[in-house]
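**Student:** after the sequence you'll find the predicted model.
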Amino acid sequence: MLTPLDPKKLRTFSNDRDLLRDLFTYLDYVGEHSVKRMTRTNGIPQADLNRLAKLLGIDPPQKDDWMYARQHWIGFIDDLALHLELVQYDVKGTYRGYSSSEPSFIENFITVNKSDLGKFLKLSPAGQEKQILDTLIHAKSHKEYGNHSNNEFYETAILGELDSFGIWGAGTGIMPTLKFPAIRQFLLDVLKTCLPGQWFSVESLVAYLKAEHPFFLIPKITPKADKRGNVLSRYSNFYEGKDEWNRNEKPIPDDDPDGFERVEGRYVERFLENIPLTLRFVDVAYSSTPYKGLKPTRGMLKAFRVNERFSRLMSGAESQPRLTVQPNFDVVIESDFYPAKIIQQVGALGEEVSSPNSGHGAYVGIFQLKKTFVAAEQVRQLDLNVISLLEKLGGRSLPPNVKVELEEWAGHADQFTLYEGFALLESVDEILEVDKFTAERITPTLRLVCDNEKILSTLEANAYAPLRIQHPTGEFTPLAESAVSRFPKETAQEKAHRKPKQVKVSRSVSVSYQFPDEESFTSVQKMLAELRCPFQVDPKTRSIQIQQKEQARFDEAVLKLRDSLIIEIQ
Amino acid sequence: MCADLADVDLNAIRKARGFGNSETASRTSFASFFVSSIGVTESMQVLSAEEVITLHLLHQTGEVNVAFFERLYGSAAQFGKHYHGTFTQQYKVTFDAVKKNLVRRGLLIMAEINLRGDTVQLERWRFALPPEFAPYLPPILPVVTNVEHGETSDTTIRKKLLQLIGGGPAFPNDHVKIEVKGGTIHLDEQPLSAARLQNWQARAWWLALNITNSSVPASLSPTQATLNLLNQLSPDEWARPASLDPALKIYCFGGKIPSAEKILHQGWELGLFSRLKMDSAFVYRPTQKQTDSIAPQPDSVSGIESNPKADSVNIDLRHIPPHALELLNALTYLSADAARNTLRATPSPIKLGQATPQERNSPLSLWLAKNIPAFGKALDAVNKKWGKTILHENLLIARVRDLNLRVQLERELGQNAIILNKEFIAFPSAFRSSVEKILRKTGFVTKTIRP
């Protein structure tokens, strides 16, 4: 059916970005930071772009132009998250006045839709990937009049390099009648039949489509005229020209023998480097020679290859992520698709030590279990059983040494408990009246209490004559001498024995030389500099100051200058 | 400051203060010589009386710009009329005078600061009197010494206190409320104290004079200025009204200033000042505070009617000294008896418990305990219990179960940790970061419990 092709002489390209992983990185970032989009362009501010790019391990967009940033991977992820309804922000804006030529976006913060994200997280990794695919297939433009041009003919692929048709007239002619989601789904079904790992020529794919499915893009029967009565022809929307500036363009005739290759063929090339390449379903190979023909380019994408991930996803043969805990406390996670939920669970228990960025094959991440992480997670989730969680995720029991250590680490969560916002009630006798306000009884006469005002009124009503002490943040308030307390007291004795503050001062001796004239002053400075002797000068008094430890080098400088200067030191 | 000085200024300062060449050779070290006492007294001796007053005000104000000295040296503008020239044109003469008479005499420091927006250099200069020079400033007022107490008027205060038992306003515009609420006298919604009473007097004084405050920066109201000036007097020192006028002219620059005689007389009527007739004219000083703690234990207290058989005392608001009423307010439960025109004080164990040891052991407190058995009983009970039940607030309490961690924390916190028992320690909240640092180092985590 399709002709295999050896891509040796071609320029091959593989997408190394894992879209699912990058999407979660973006969601984590906008969830943790309060990202306010720019008022004029509605773009992500440059500072956030830079931070996001750093997290994703890519170069940030260099230009301060949102149109340019939208062509960037981060812009694509941002757009995808909105299409998936995992985030929300205003895309319409408001016109601030009669003279406004564009809408403004005031206080437009990106907010994460927690309920939708929760639902998305509940899907299996393959399910998440499928939802992304479905969203990209059906994606509509956020712009009111942008839907007719929101397809592979007019939009350059985020990772692609092929140019596009001129957008002029996209809302007229046959274009608004085309059903792009169905076209994309049809082409994906065709790709599904390709042998994974085998390079095929795009030319043969186009030839196959021309022979077997000549109307996959434009139906056989098309409307004869548009709403205004203008006659429609099959290819009236498509123009070719000598350059990309829409000059001297000519429409492609309907009866042209190679019309299919010139319209549908160009579409197939652009489709391949759009959704399939973005989602890492295919690798592509471009011609290595420069293009010399009518624009937009044709036949530059020479070959493609589908991979196993795509075959498995499309066939529905979903594999579960595999998790292995090794005796050296490494947790290895393997999955065809980015397993966000498992990574979130394991990431809370350890440090990510390796996360492959090849992007091509399956996800393999290694986490090292850490005592502090496990203890902290135990504090966050009091009923968490780390051992059973890892055993459940891995489907097997843990190595014995890991089990023992994890039990001990989980115990660390209880070793240090901080009571914040409580008051300490110290008394000589046991006070039963404050039992209901007691959070923790340290000793019969010491207890942690809350609701201070009520306690004070209770104590006063029961004639305990309570003393209320507000300690400053940096020290204890000294108590009166007559108070019975284990806290420090301000006594006359303490005042008398207060030690003076000890200060250690380092001593250095410097020597200063004053010169009678500018010539000798400059010569000695130059020589000292040659000898790399540190010194300070005061041009006003023509004096040079050196540290005493540098005396030897100063003497050496004087010695070296003896042919021109005889320096006598008084 | 020294970096901004021109050589010619530095030479003038050297001459005025008597510095040697070696002391002015380095600008860095000269800053230390400048604020020393060398030659300060001599430089101050040649100052005019107005300059001395201005420097006193400058000391109270802090850092100022050149416009501050308009009160002393004037400016190109006519006061009260709009000036159409630039800032430099207006204050150039002022600046020159300040530089010549104060900066070059080595008494004032000046430095250029950075300001936002478009400013001219003259706007950016800032002047200040080094705090080290303040003790050397000549006295602001000529004083007369007399050991007599003089006469004090407490009519207005009495009127105010009598409002508690149904009296009329202390003066026509007096809208400040005084009432007994929950056993405590409240003045303007706050428990009565000597300081609050004095604030009320000062406000009444300002209203009585019918004056408005000056809008010129650093200028004070005539009442505030008079209080500031008279508060500088030592015990047994008195000031003549006429001697205040030049100082008020500078302190209240830009505002309407009544005569010092009028201001002081009004202050005396409101009980803020004492006066004494000397050479057929009055001299004034602030009313001296009666400090009960240093007075001998009285056999009887003016304004308090005691009855050993009763468990309370009646307070005669016409005679009770204000400081004694403040103390009773802190120690006893007060209630107004409008029918009998008296204020009654009964023992309050709650208030006694809240009072400081000084208040509880004051002569008045001891007198009450001795003469009224109910007071004695309550005071004894509180003294027995006081200091034995303490509520500590704003502390962090930690339970440390690991022995090694506990040792490390105790070593790190030292005197700043109190060991409560084998597991619990208490420490000031500022040491939280040090504790967390040790936890991170030792691999422990914090489990936080909040109410």
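**Tutor:** Great, that's in hand. Numbers count the residues shown, from 1 in each chain, chains lettered A, B, ... in the order given.

**Student:** would you check how far apart residue A:450 and residue A:346 are?
**Tutor:** As for residue A:450, its distance to residue A:346 is 37 Å (criterion: Cβ to Cβ, to the nearest Å). All C-beta atoms are positioned from the backbone trio N, CA, C, and that covers glycine.

**Student:** tally of neighbours for the residue nearest to residue B:218 when sequence neighbours are not counted?
**Tutor:** Excluding the flanking residues, the one nearest residue B:218 by Cβ to Cβ, 6 or more residues apart in numbering or on different chains is residue B:61, at 4.6 Å. For residue B:61, the count of nearby residues is 15 (other Cβ atoms under 10 Å in any protein chain shown).

**Student:** got it, and residue B:374?
**Tutor:** Neighbourhood size, residue B:374 [other Cβ under 10 Å]: 16.

**Student:** poorly predicted segments of the chain, please.
**Tutor:** In the absence of a named chain, chain A is used. Along chain A, the parts satisfying pLDDT under 70 run over A:63-70, A:144, A:244-248, A:355-361, A:492-499.

**Student:** you looked at the wrong chain, it should be chain B
**Tutor:** Using pLDDT under 70, chain B drops low at B:1-4, B:289-300, B:307-309, B:338.

**Student:** now do the domain split for it, please.
**Tutor:** Taking automatic domain parsing as the reference, chain B has its domains at B:2-136, B:151-157+B:193-286, B:292-385, B:395-442.

**Student:** would you list every one of the helices in the stretch 151-300 of chain B?
**Tutor:** Along the stretch 151-300 of chain B, counting by DSSP state H, counting those that start in this stretch, helices occupy B:155-162, B:194-209, B:222-230, B:241-251, B:260-269.

**Student:** how about the stretch 151-300 of chain A?
**Tutor:** Taking DSSP H, counting those that start in this stretch as the criterion, the stretch 151-300 of chain A contains helices spanning A:180-192, A:202-212, A:259-260, A:266-272, A:275-278.

**Student:** which of these is buried the deepest?
**Tutor:** Of the helices of the stretch 151-300 of chain A, the one with the most neighbours on average (mean count of other Cβ atoms under 10 Å in any protein chain shown) is helix A:266-272, at a mean of 24.

**Student:** touching, residue A:123 and residue A:131? I think so.
**Tutor:** Yes - using Cβ atoms under 8 Å, residue A:123 makes contact with residue A:131 at a distance of 6.5 Å.

**Student:** how many neighbours does the nearest residue to residue A:461 once chain neighbours are set aside have?
**Tutor:** Leaving aside its chain neighbours, residue A:461 sits nearest to residue B:350 (7.8 Å; criterion: Cβ to Cβ, 6+ apart). Using other Cβ under 10 Å, the number of residues around residue B:350 comes to 19.

**Student:** can you check the one 3 residues further on too?
**Tutor:** The local packing count at residue B:353 equals 23, with neighbours defined by other Cβ under 10 Å.

**Student:** OK, contacts around it?
**Tutor:** A:460, A:463-467, B:382, B:385-386 (Cβ atoms under 8 Å, 6 or more residues apart in numbering or on different chains).

**Student:** is it in a helix, a strand, or coil?
**Tutor:** helix (DSSP: H, G, I helix; E, B strand; the rest coil).

**Student:** neighbour count: residue A:450 and residue A:346, which is higher?
**Tutor:** Neighbour totals were compared for residue A:450 and residue A:346, and residue A:346 leads with 24 against 15 (other Cβ under 10 Å).
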